[in-house]
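>>> Turn this into a structure:
(4 chains)
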2 protein chains.
Amino acid sequence: MKAQKKSAPSNERLAEIYRTAAQIILRKGYDATSVNDIANALGMTKAGLYHYISGKKELLFDIMNFGLDELDEEVAAPAKEIKDAEARLRFLIASHAQLVTRGQGAITILVDEVTALTPAQCRKITQRKREYFDYLRDLLNELKSSGKLQDVDTTAATFCLLGMINWLSRWFRQGGALTAEQTAAEIVKIALHGLLLPESRAAQKRGLRVVKG
Amino acid sequence: MKAQKKSAPSNERLAEIYRTAAQIILRKGYDATSVNDIANALGMTKAGLYHYISGKKELLFDIMNFGLDELDEEVAAPAKEIKDAEARLRFLIASHAQLVTRGQGAITILVDEVTALTPAQCRKITQRKREYFDYLRDLLNELKSSGKLQDVDTTAATFCLLGMINWLSRWFRQGGALTAEQTAAEIVKIALHGLLLPESRAAQKRGLRVVKG
DNA sequence: ACAGCAACCTACCGGACGGTCGGTAAAATA
DNA sequence: TATTTTACCGACCGTCCGGTAGGTTGCTGT
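A predicted model of the protein is given here:
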(Lines give C-alpha, C1' and ligand atoms only; values in the text may rest on other atoms or scores of the structure.)
Protein backbone atom coordinates (compact mmCIF):
# COMPACT_ATOMS: atom_id res chain seq x y z
CA MET A 1 0.00 0.00 0.00
CA LYS A 2 2.25 2.79 -1.20
CA ALA A 3 1.01 6.23 -0.39
CA GLN A 4 2.63 7.51 -3.53
CA LYS A 5 1.56 10.86 -4.86
CA LYS A 6 -0.34 10.69 -8.08
CA SER A 7 2.02 10.96 -11.00
CA ALA A 8 1.35 14.26 -12.71
CA PRO A 9 -0.59 13.84 -15.96
CA SER A 10 0.34 15.54 -19.18
CA ASN A 11 1.56 19.07 -18.60
CA GLU A 12 -0.15 20.20 -21.78
CA ARG A 13 -3.56 19.12 -20.61
CA LEU A 14 -2.97 20.59 -17.19
CA ALA A 15 -2.10 23.98 -18.66
CA GLU A 16 -5.28 23.83 -20.73
CA ILE A 17 -7.29 23.06 -17.62
CA TYR A 18 -5.68 25.91 -15.73
CA ARG A 19 -6.35 28.38 -18.51
CA THR A 20 -9.95 27.33 -19.02
CA ALA A 21 -10.66 27.32 -15.31
CA ALA A 22 -8.96 30.67 -14.84
CA GLN A 23 -11.11 32.32 -17.47
CA ILE A 24 -14.33 31.07 -15.92
CA ILE A 25 -13.24 31.92 -12.40
CA LEU A 26 -12.14 35.36 -13.51
CA ARG A 27 -15.53 35.97 -15.09
CA LYS A 28 -17.80 34.52 -12.43
CA GLY A 29 -15.65 34.57 -9.32
CA TYR A 30 -14.22 31.59 -7.50
CA ASP A 31 -17.15 30.76 -5.26
CA ALA A 32 -19.74 31.23 -7.96
CA THR A 33 -17.85 28.82 -10.20
CA SER A 34 -18.65 25.18 -9.55
CA VAL A 35 -16.28 22.37 -10.36
CA ASN A 36 -18.99 21.20 -12.72
CA ASP A 37 -18.85 24.50 -14.63
CA ILE A 38 -15.15 24.03 -15.21
CA ALA A 39 -15.50 20.38 -16.14
CA ASN A 40 -18.27 21.10 -18.64
CA ALA A 41 -16.27 23.89 -20.24
CA LEU A 42 -13.57 21.27 -20.79
CA GLY A 43 -16.09 18.77 -22.19
CA MET A 44 -15.81 16.57 -19.13
CA THR A 45 -17.75 15.51 -16.12
CA LYS A 46 -16.84 16.61 -12.62
CA ALA A 47 -15.54 13.17 -11.72
CA GLY A 48 -13.42 13.23 -14.84
CA LEU A 49 -11.87 16.52 -13.90
CA TYR A 50 -11.04 15.17 -10.47
CA HIS A 51 -8.66 12.84 -12.21
CA TYR A 52 -6.47 15.91 -12.78
CA ILE A 53 -7.05 18.01 -9.72
CA SER A 54 -7.01 17.14 -6.06
CA GLY A 55 -9.57 19.71 -4.96
CA LYS A 56 -11.14 23.01 -5.82
CA LYS A 57 -8.89 25.01 -3.53
CA GLU A 58 -5.82 23.25 -4.81
CA LEU A 59 -6.89 24.05 -8.36
CA LEU A 60 -7.13 27.73 -7.50
CA PHE A 61 -3.78 27.59 -5.74
CA ASP A 62 -2.15 25.94 -8.73
CA ILE A 63 -3.67 28.47 -11.12
CA MET A 64 -2.35 31.32 -9.02
CA ASN A 65 1.14 29.89 -9.01
CA PHE A 66 0.81 29.32 -12.75
CA GLY A 67 -0.10 32.99 -13.18
CA LEU A 68 2.69 34.19 -10.94
CA ASP A 69 5.13 32.03 -12.87
CA GLU A 70 4.04 33.81 -16.03
CA LEU A 71 4.52 37.17 -14.33
CA ASP A 72 8.00 36.20 -13.22
CA GLU A 73 9.04 34.81 -16.56
CA GLU A 74 7.56 37.45 -18.84
CA VAL A 75 7.77 40.57 -16.75
CA ALA A 76 10.03 40.42 -13.73
CA ALA A 77 12.87 38.33 -15.12
CA PRO A 78 13.30 40.21 -18.44
CA ALA A 79 13.11 43.49 -16.53
CA LYS A 80 16.13 42.55 -14.49
CA GLU A 81 18.19 42.59 -17.66
CA ILE A 82 17.54 46.30 -18.12
CA LYS A 83 20.14 48.41 -16.40
CA ASP A 84 18.60 51.87 -16.69
CA ALA A 85 16.06 52.29 -13.91
CA GLU A 86 13.62 54.44 -15.83
CA ALA A 87 13.65 52.16 -18.84
CA ARG A 88 13.13 49.23 -16.50
CA LEU A 89 10.09 50.90 -14.99
CA ARG A 90 8.64 51.59 -18.41
CA PHE A 91 9.15 47.99 -19.40
CA LEU A 92 7.61 46.66 -16.20
CA ILE A 93 4.46 48.71 -16.56
CA ALA A 94 4.02 48.03 -20.25
CA SER A 95 4.71 44.31 -20.15
CA HIS A 96 2.70 43.72 -17.01
CA ALA A 97 -0.22 45.61 -18.51
CA GLN A 98 0.00 43.56 -21.67
CA LEU A 99 0.09 40.36 -19.67
CA VAL A 100 -3.17 41.36 -18.01
CA THR A 101 -4.83 42.22 -21.32
CA ARG A 102 -3.94 38.87 -22.79
CA GLY A 103 -6.87 36.54 -22.21
CA GLN A 104 -4.84 33.81 -20.65
CA GLY A 105 -2.55 36.16 -18.88
CA ALA A 106 -5.47 37.61 -17.01
CA ILE A 107 -4.82 34.71 -14.72
CA THR A 108 -2.47 36.91 -12.79
CA ILE A 109 -5.30 39.00 -11.56
CA LEU A 110 -7.20 36.34 -9.74
CA VAL A 111 -4.22 36.04 -7.52
CA ASP A 112 -6.31 38.40 -5.45
CA GLU A 113 -8.96 35.84 -4.58
CA VAL A 114 -6.70 34.69 -1.75
CA THR A 115 -9.51 34.51 0.77
CA ALA A 116 -10.66 31.25 -0.76
CA LEU A 117 -7.38 29.51 0.00
CA THR A 118 -6.27 27.68 3.09
CA PRO A 119 -4.13 29.79 5.41
CA ALA A 120 -0.97 27.99 4.34
CA GLN A 121 -1.69 28.45 0.64
CA CYS A 122 -2.69 32.04 1.25
CA ARG A 123 0.62 32.72 2.94
CA LYS A 124 2.59 31.34 0.04
CA ILE A 125 0.72 33.34 -2.57
CA THR A 126 0.83 36.49 -0.49
CA GLN A 127 4.56 35.98 -0.12
CA ARG A 128 5.07 35.74 -3.87
CA LYS A 129 2.91 38.79 -4.48
CA ARG A 130 4.87 40.62 -1.84
CA GLU A 131 8.14 39.86 -3.59
CA TYR A 132 6.88 41.41 -6.78
CA PHE A 133 5.51 44.39 -4.90
CA ASP A 134 8.81 44.95 -3.12
CA TYR A 135 10.68 44.66 -6.37
CA LEU A 136 8.54 47.44 -7.84
CA ARG A 137 8.82 49.64 -4.78
CA ASP A 138 12.57 49.19 -4.59
CA LEU A 139 12.77 50.36 -8.17
CA LEU A 140 10.79 53.47 -7.30
CA ASN A 141 13.03 54.08 -4.31
CA GLU A 142 16.05 53.77 -6.56
CA LEU A 143 14.60 56.35 -8.92
CA LYS A 144 13.80 58.56 -5.99
CA SER A 145 17.34 58.57 -4.64
CA SER A 146 18.66 59.54 -8.03
CA GLY A 147 16.25 62.48 -8.00
CA LYS A 148 14.12 61.39 -10.89
CA LEU A 149 10.91 60.87 -8.98
CA GLN A 150 8.18 63.24 -7.90
CA ASP A 151 7.84 63.78 -4.18
CA VAL A 152 5.48 60.84 -3.58
CA ASP A 153 5.25 58.05 -1.08
CA THR A 154 6.70 55.07 -2.93
CA THR A 155 4.46 52.56 -1.17
CA ALA A 156 1.31 54.40 -2.17
CA ALA A 157 2.76 54.91 -5.63
CA THR A 158 3.39 51.19 -6.06
CA PHE A 159 -0.16 50.42 -5.08
CA CYS A 160 -1.44 53.04 -7.51
CA LEU A 161 0.62 51.48 -10.25
CA LEU A 162 -0.72 48.01 -9.53
CA GLY A 163 -4.24 49.41 -9.23
CA MET A 164 -4.11 50.90 -12.71
CA ILE A 165 -2.67 47.74 -14.19
CA ASN A 166 -4.87 45.24 -12.40
CA TRP A 167 -8.01 47.27 -13.04
CA LEU A 168 -7.35 46.68 -16.71
CA SER A 169 -8.87 43.24 -16.43
CA ARG A 170 -12.19 44.85 -15.55
CA TRP A 171 -12.50 47.04 -18.58
CA PHE A 172 -10.11 46.06 -21.33
CA ARG A 173 -11.76 44.08 -24.09
CA GLN A 174 -10.06 42.67 -27.12
CA GLY A 175 -11.36 44.41 -30.24
CA GLY A 176 -12.20 47.61 -28.39
CA ALA A 177 -11.11 51.11 -29.34
CA LEU A 178 -7.56 50.52 -28.16
CA THR A 179 -5.29 47.58 -28.85
CA ALA A 180 -3.41 45.90 -26.02
CA GLU A 181 -0.23 47.71 -27.04
CA GLN A 182 -1.92 51.09 -27.21
CA THR A 183 -3.57 50.56 -23.86
CA ALA A 184 -0.26 49.58 -22.28
CA ALA A 185 1.33 52.69 -23.75
CA GLU A 186 -1.44 54.90 -22.35
CA ILE A 187 -0.96 53.45 -18.93
CA VAL A 188 2.77 54.05 -19.08
CA LYS A 189 2.14 57.67 -20.08
CA ILE A 190 -0.38 58.26 -17.33
CA ALA A 191 1.64 56.51 -14.66
CA LEU A 192 4.86 58.32 -15.48
CA HIS A 193 3.59 61.78 -16.37
CA GLY A 194 0.12 62.01 -14.85
CA LEU A 195 -2.93 63.59 -16.37
CA LEU A 196 -2.09 67.28 -16.26
CA LEU A 197 0.49 69.04 -18.35
CA PRO A 198 3.23 70.82 -16.42
CA GLU A 199 2.28 74.47 -16.11
CA SER A 200 4.96 75.65 -18.54
CA ARG A 201 3.92 73.28 -21.28
CA ALA A 202 0.27 73.99 -20.68
CA ALA A 203 0.87 77.68 -21.21
CA GLN A 204 2.86 76.96 -24.33
CA LYS A 205 0.16 74.75 -25.74
CA ARG A 206 -2.52 77.34 -25.06
CA GLY A 207 -0.53 80.06 -26.76
CA LEU A 208 0.86 78.25 -29.75
CA ARG A 209 -1.65 75.47 -30.31
CA VAL A 210 1.13 73.05 -30.98
CA VAL A 211 0.19 69.62 -32.06
CA LYS A 212 2.40 66.91 -30.77
CA GLY A 213 3.90 64.74 -33.49
CA MET B 1 -48.72 57.77 -0.80
CA LYS B 2 -46.10 55.38 -1.92
CA ALA B 3 -47.39 51.87 -1.90
CA GLN B 4 -44.67 49.51 -0.74
CA LYS B 5 -44.84 45.76 -0.79
CA LYS B 6 -43.66 45.53 2.77
CA SER B 7 -43.89 48.33 5.23
CA ALA B 8 -40.32 49.56 5.30
CA PRO B 9 -38.71 49.10 8.72
CA SER B 10 -36.59 51.76 10.37
CA ASN B 11 -34.20 53.40 7.95
CA GLU B 12 -31.57 53.55 10.64
CA ARG B 13 -31.56 49.80 11.16
CA LEU B 14 -31.56 49.19 7.43
CA ALA B 15 -28.49 51.38 6.98
CA GLU B 16 -26.76 49.46 9.76
CA ILE B 17 -27.62 46.19 8.05
CA TYR B 18 -26.31 47.46 4.73
CA ARG B 19 -23.06 48.66 6.24
CA THR B 20 -22.43 45.49 8.20
CA ALA B 21 -23.30 43.28 5.26
CA ALA B 22 -21.17 45.36 2.93
CA GLN B 23 -18.11 44.99 5.12
CA ILE B 24 -18.43 41.23 5.28
CA ILE B 25 -19.16 40.89 1.60
CA LEU B 26 -16.24 43.13 0.75
CA ARG B 27 -13.92 41.00 2.85
CA LYS B 28 -15.12 37.55 1.88
CA GLY B 29 -16.84 38.11 -1.43
CA TYR B 30 -20.55 37.87 -2.16
CA ASP B 31 -20.80 34.16 -2.83
CA ALA B 32 -18.60 33.17 0.07
CA THR B 33 -20.75 35.20 2.41
CA SER B 34 -23.81 33.37 3.67
CA VAL B 35 -26.92 35.12 4.85
CA ASN B 36 -26.17 33.48 8.18
CA ASP B 37 -22.78 35.22 8.36
CA ILE B 38 -24.45 38.58 7.93
CA ALA B 39 -27.21 37.79 10.39
CA ASN B 40 -24.76 36.62 13.06
CA ALA B 41 -22.62 39.72 12.62
CA LEU B 42 -25.77 41.68 13.38
CA GLY B 43 -26.53 39.50 16.40
CA MET B 44 -29.47 37.88 14.67
CA THR B 45 -30.52 34.64 13.12
CA LYS B 46 -30.98 34.21 9.40
CA ALA B 47 -34.76 34.14 9.69
CA GLY B 48 -34.59 37.30 11.73
CA LEU B 49 -32.60 39.06 9.03
CA TYR B 50 -35.15 37.98 6.45
CA HIS B 51 -37.56 40.23 8.25
CA TYR B 52 -35.62 43.12 6.73
CA ILE B 53 -34.48 41.82 3.40
CA SER B 54 -36.35 40.08 0.62
CA GLY B 55 -33.47 37.98 -0.62
CA LYS B 56 -29.70 37.78 -0.84
CA LYS B 57 -29.52 39.24 -4.34
CA GLU B 58 -31.87 42.03 -3.39
CA LEU B 59 -29.69 42.81 -0.40
CA LEU B 60 -26.66 43.13 -2.63
CA PHE B 61 -28.60 45.27 -5.07
CA ASP B 62 -29.79 47.56 -2.28
CA ILE B 63 -26.29 47.86 -0.86
CA MET B 64 -24.94 48.82 -4.26
CA ASN B 65 -27.55 51.52 -4.67
CA PHE B 66 -26.83 52.65 -1.13
CA GLY B 67 -23.14 52.96 -2.00
CA LEU B 68 -23.85 54.77 -5.24
CA ASP B 69 -26.14 57.15 -3.38
CA GLU B 70 -23.25 57.96 -1.07
CA LEU B 71 -20.98 58.52 -4.05
CA ASP B 72 -23.50 60.87 -5.62
CA GLU B 73 -24.15 62.80 -2.46
CA GLU B 74 -20.64 63.10 -1.14
CA VAL B 75 -18.56 63.21 -4.29
CA ALA B 76 -20.44 63.92 -7.50
CA ALA B 77 -22.96 66.46 -6.24
CA PRO B 78 -20.52 68.66 -4.28
CA ALA B 79 -18.12 68.54 -7.21
CA LYS B 80 -20.71 70.11 -9.47
CA GLU B 81 -20.56 73.23 -7.33
CA ILE B 82 -16.92 73.76 -8.27
CA LYS B 83 -16.54 75.87 -11.37
CA ASP B 84 -12.84 75.48 -12.10
CA ALA B 85 -12.30 72.21 -13.94
CA GLU B 86 -8.92 71.43 -12.46
CA ALA B 87 -10.09 72.11 -8.92
CA ARG B 88 -13.13 69.96 -9.61
CA LEU B 89 -10.92 67.08 -10.71
CA ARG B 90 -8.78 67.41 -7.61
CA PHE B 91 -11.84 67.37 -5.42
CA LEU B 92 -13.33 64.36 -7.20
CA ILE B 93 -10.22 62.25 -6.81
CA ALA B 94 -9.58 63.21 -3.20
CA SER B 95 -13.14 62.86 -1.96
CA HIS B 96 -13.78 59.63 -3.87
CA ALA B 97 -10.56 58.18 -2.48
CA GLN B 98 -11.52 59.18 1.03
CA LEU B 99 -14.93 57.63 0.58
CA VAL B 100 -13.29 54.34 -0.31
CA THR B 101 -10.92 54.48 2.65
CA ARG B 102 -13.76 55.04 5.07
CA GLY B 103 -14.84 51.66 6.38
CA GLN B 104 -18.46 52.21 5.55
CA GLY B 105 -17.74 53.99 2.32
CA ALA B 106 -15.91 50.98 1.00
CA ILE B 107 -19.37 49.91 0.02
CA THR B 108 -18.92 51.68 -3.26
CA ILE B 109 -16.34 49.22 -4.34
CA LEU B 110 -18.45 46.15 -4.29
CA VAL B 111 -20.54 47.75 -6.93
CA ASP B 112 -18.29 45.62 -9.09
CA GLU B 113 -19.75 42.31 -7.98
CA VAL B 114 -22.45 42.79 -10.59
CA THR B 115 -22.25 39.23 -11.85
CA ALA B 116 -24.22 38.06 -8.82
CA LEU B 117 -27.23 40.19 -9.74
CA THR B 118 -30.17 39.41 -11.95
CA PRO B 119 -29.81 40.84 -15.47
CA ALA B 120 -32.31 43.60 -14.72
CA GLN B 121 -30.54 44.63 -11.53
CA CYS B 122 -27.18 44.41 -13.25
CA ARG B 123 -28.38 46.76 -15.97
CA LYS B 124 -29.51 49.36 -13.46
CA ILE B 125 -26.26 49.31 -11.50
CA THR B 126 -24.17 49.34 -14.64
CA GLN B 127 -26.16 52.33 -15.82
CA ARG B 128 -25.50 54.26 -12.63
CA LYS B 129 -21.80 53.40 -12.74
CA ARG B 130 -21.73 54.50 -16.34
CA GLU B 131 -23.15 57.89 -15.46
CA TYR B 132 -20.39 58.49 -12.98
CA PHE B 133 -17.78 57.26 -15.42
CA ASP B 134 -19.08 59.56 -18.15
CA TYR B 135 -19.12 62.46 -15.76
CA LEU B 136 -15.44 61.90 -15.03
CA ARG B 137 -14.50 61.43 -18.64
CA ASP B 138 -16.40 64.52 -19.71
CA LEU B 139 -14.41 66.47 -17.16
CA LEU B 140 -11.18 65.15 -18.62
CA ASN B 141 -12.36 66.03 -22.09
CA GLU B 142 -13.16 69.52 -20.91
CA LEU B 143 -9.65 69.87 -19.51
CA LYS B 144 -8.24 68.50 -22.72
CA SER B 145 -9.99 71.04 -24.92
CA SER B 146 -8.65 73.83 -22.76
CA GLY B 147 -5.16 72.46 -23.29
CA LYS B 148 -4.49 71.50 -19.71
CA LEU B 149 -4.25 67.76 -20.24
CA GLN B 150 -1.44 65.51 -21.36
CA ASP B 151 -1.90 63.81 -24.68
CA VAL B 152 -3.74 60.78 -23.32
CA ASP B 153 -6.83 58.85 -24.26
CA THR B 154 -9.46 60.16 -21.86
CA THR B 155 -11.31 56.85 -21.70
CA ALA B 156 -8.20 54.95 -20.66
CA ALA B 157 -7.30 57.78 -18.31
CA THR B 158 -10.67 57.59 -16.59
CA PHE B 159 -10.27 53.87 -16.06
CA CYS B 160 -6.77 54.41 -14.68
CA LEU B 161 -8.15 56.95 -12.26
CA LEU B 162 -10.87 54.62 -11.08
CA GLY B 163 -8.37 51.77 -10.89
CA MET B 164 -6.12 53.68 -8.55
CA ILE B 165 -9.02 54.78 -6.39
CA ASN B 166 -10.86 51.49 -6.26
CA TRP B 167 -7.70 49.50 -5.63
CA LEU B 168 -7.40 51.44 -2.39
CA SER B 169 -9.90 49.12 -0.77
CA ARG B 170 -7.46 46.27 -1.26
CA TRP B 171 -4.56 47.80 0.56
CA PHE B 172 -5.53 50.79 2.64
CA ARG B 173 -5.83 50.00 6.33
CA GLN B 174 -6.84 52.39 9.04
CA GLY B 175 -3.92 52.96 11.38
CA GLY B 176 -1.31 52.26 8.70
CA ALA B 177 1.59 54.49 7.76
CA LEU B 178 -0.65 56.95 5.94
CA THR B 179 -3.90 58.50 7.10
CA ALA B 180 -6.90 58.56 4.81
CA GLU B 181 -6.26 62.22 4.02
CA GLN B 182 -2.59 61.65 3.26
CA THR B 183 -3.40 58.69 1.06
CA ALA B 184 -5.98 60.68 -0.85
CA ALA B 185 -3.46 63.47 -1.32
CA GLU B 186 -0.85 61.03 -2.64
CA ILE B 187 -3.31 59.66 -5.15
CA VAL B 188 -4.16 63.16 -6.33
CA LYS B 189 -0.47 63.92 -6.79
CA ILE B 190 0.24 60.72 -8.68
CA ALA B 191 -2.86 60.94 -10.84
CA LEU B 192 -2.26 64.57 -11.81
CA HIS B 193 1.51 64.69 -12.11
CA GLY B 194 2.62 61.07 -12.51
CA LEU B 195 5.62 59.41 -10.96
CA LEU B 196 8.48 61.03 -12.85
CA LEU B 197 9.66 64.59 -12.56
CA PRO B 198 9.13 66.62 -15.75
CA GLU B 199 12.91 67.14 -16.16
CA SER B 200 13.52 63.51 -16.95
CA ARG B 201 10.79 63.71 -19.51
CA ALA B 202 12.74 65.93 -21.80
CA ALA B 203 15.90 63.95 -21.27
CA GLN B 204 14.59 60.61 -22.26
CA LYS B 205 11.93 60.27 -24.82
CA ARG B 206 12.37 56.81 -26.14
CA GLY B 207 9.72 54.46 -27.35
CA LEU B 208 8.29 51.59 -25.36
CA ARG B 209 9.78 48.22 -25.10
CA VAL B 210 7.04 45.66 -25.22
CA VAL B 211 6.86 41.91 -25.16
CA LYS B 212 6.35 40.20 -28.45
CA GLY B 213 2.68 39.39 -29.07
C1' DA C 1 -57.01 45.42 28.94
C1' DC C 2 -56.01 44.09 24.75
C1' DA C 3 -55.51 44.27 19.67
C1' DG C 4 -51.97 44.86 16.43
C1' DC C 5 -47.76 44.94 14.72
C1' DA C 6 -42.65 45.04 14.49
C1' DA C 7 -38.92 42.27 15.53
C1' DC C 8 -37.24 38.64 16.17
C1' DC C 9 -36.97 33.15 16.94
C1' DT C 10 -36.76 27.57 16.08
C1' DA C 11 -37.30 24.20 12.86
C1' DC C 12 -37.35 22.74 8.56
C1' DC C 13 -37.13 22.03 3.19
C1' DG C 14 -35.27 21.36 -1.49
C1' DG C 15 -31.41 21.84 -3.99
C1' DA C 16 -26.72 22.57 -5.22
C1' DC C 17 -22.17 21.79 -4.24
C1' DG C 18 -17.50 19.53 -3.25
C1' DG C 19 -15.93 15.28 -3.23
C1' DT C 20 -15.81 9.89 -3.53
C1' DC C 21 -16.47 5.24 -5.26
C1' DG C 22 -16.48 1.78 -8.34
C1' DG C 23 -16.54 1.14 -12.60
C1' DT C 24 -15.16 1.07 -18.18
C1' DA C 25 -12.88 1.45 -22.42
C1' DA C 26 -8.90 2.41 -24.81
C1' DA C 27 -4.05 3.06 -25.09
C1' DA C 28 0.48 1.90 -23.59
C1' DT C 29 3.50 -1.63 -21.98
C1' DA C 30 5.27 -6.40 -21.29
C1' DT D 1 -1.68 -11.68 -25.95
C1' DA D 2 -1.94 -10.33 -21.15
C1' DT D 3 -1.45 -6.71 -17.99
C1' DT D 4 -1.17 -2.33 -16.37
C1' DT D 5 -2.05 2.56 -16.68
C1' DT D 6 -4.53 6.57 -18.27
C1' DA D 7 -8.50 9.03 -18.84
C1' DC D 8 -12.53 9.40 -18.10
C1' DC D 9 -17.99 8.43 -16.46
C1' DG D 10 -22.62 7.60 -13.63
C1' DA D 11 -24.32 7.38 -9.30
C1' DC D 12 -24.09 8.66 -4.98
C1' DC D 13 -23.12 11.01 -0.17
C1' DG D 14 -22.93 14.48 3.48
C1' DT D 15 -23.04 19.23 4.10
C1' DC D 16 -24.33 23.73 3.76
C1' DC D 17 -27.04 27.29 1.75
C1' DG D 18 -31.06 30.31 0.49
C1' DG D 19 -35.42 30.64 1.72
C1' DT D 20 -40.02 29.61 4.27
C1' DA D 21 -43.59 28.44 7.82
C1' DG D 22 -45.20 29.40 11.84
C1' DG D 23 -44.49 30.66 16.17
C1' DT D 24 -43.16 34.06 20.48
C1' DT D 25 -42.03 38.35 22.69
C1' DG D 26 -42.55 43.02 23.82
C1' DC D 27 -43.86 47.62 22.73
C1' DT D 28 -47.72 50.96 21.33
C1' DG D 29 -51.89 53.10 20.61
C1' DT D 30 -56.71 53.08 22.10
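
>>> and the longest helix anywhere in chain A, what other elements does it pack with?
Secondary structure assigned by DSSP state H gives helix A:119-145 as the longest helix of chain A. On a contact count with 3 or more CB pairs under 8 Å, 6 or more residues apart in numbering or on different chains; DSSP states H and E, helix A:119-145 meets helix A:56-71, helix A:85-101, helix A:154-171. In short, each C-beta sits where N, CA and C put it, glycine included.

>>> Only the buried residues of stretch A:134-144, if you could.
A:136-137, A:139-144 (16 or more other CB atoms under 10 Å in any protein chain shown).

>>> And for stretch A:162-170?
A:162-169.

>>> Please apply the same query to stretch A:69-88.
A:70-71, A:74-76, A:78-79, A:85-86, A:88.

>>> And the average pLDDT for that stretch is what?
The average pLDDT within stretch A:69-88 is 95.

>>> Which residues of chain A lie near DNA strand C?
Contact residues, chain A versus DNA strand C (CB under 7 Å from any atom of the strand): A:33-36, A:46-47, A:50, A:55-57.

>>> Could you check how far residue A:119 is from residue B:27?
15 Å (CB to CB, to the nearest Å).

>>> residue contacts, the closest residue to residue A:160 other than its chain neighbours?
Take residue A:160 and drop its neighbours on the chain: the residue closest to it by CB to CB, 6 or more residues apart in numbering or on different chains is residue B:164, 4.6 Å away. By CB atoms under 8 Å, 6 or more residues apart in numbering or on different chains, the residues touching residue B:164 are A:160, A:163-164, A:167, B:187, B:190-191.

>>> Check the gap between residue B:164 and residue B:11 for me.
33 Å.

>>> Below-threshold pLDDT in chain A: ranges please.
A:1-10, A:103-106, A:109, A:199-213 (pLDDT under 70).

>>> which residues sit in contact with the residue sitting nearest the centre point of it?
Geometric centre of chain A, nearest residue: residue A:108, 4.1 Å, by CA atoms, centre = their mean. Taking CB under 8 Å, 6+ apart, we find residue A:108 in contact with A:67-68, A:70-71, A:99-100.

>>> about what we covered before: tell me which of the residues of chain A next to DNA strand C fall in helices.
Using DSSP H, the residues of chain A next to DNA strand C in helices are A:35-36, A:46-47, A:56-57.

>>> Can you confirm whether stretch A:193-200 lies near chain B?
Yes - interface with chain B: stretch A:193-200 contributes A:193-198 (CB under 8 Å from any CB of the partner chain).

>>> So which bits of that stretch are buried?
For stretch A:193-200, by 16+ other CB under 10 Å, it's A:193-198.

>>> Can you tell me what sits against that stretch?
Contacts of stretch A:193-200 (CB under 8 Å, 6+ apart): A:202, A:205, B:86, B:89, B:140, B:143, B:147-150, B:152, B:157, B:161, B:190-194, B:196, B:198, B:201.

>>> That stretch: how far from the chain's middle?
Its chain's C-alpha centre and that of stretch A:193-200 lie 28 Å apart, by CA atoms, centre = their mean, to the nearest Å.

>>> Residue A:31 in helix, strand or coil?
coil (DSSP: H, G, I helix; E, B strand; the rest coil).

>>> Burial check on the closest residue to it other than its chain neighbours, number of neighbours?
Distances taken as CB to CB, 6+ apart put residue B:31 closest to residue A:31, at 3.3 Å, once the chain neighbours are dropped. Number of residues near residue B:31 (other CB atoms under 10 Å in any protein chain shown) recorded here: 18.

>>> Kind regards, and thank you for your time.
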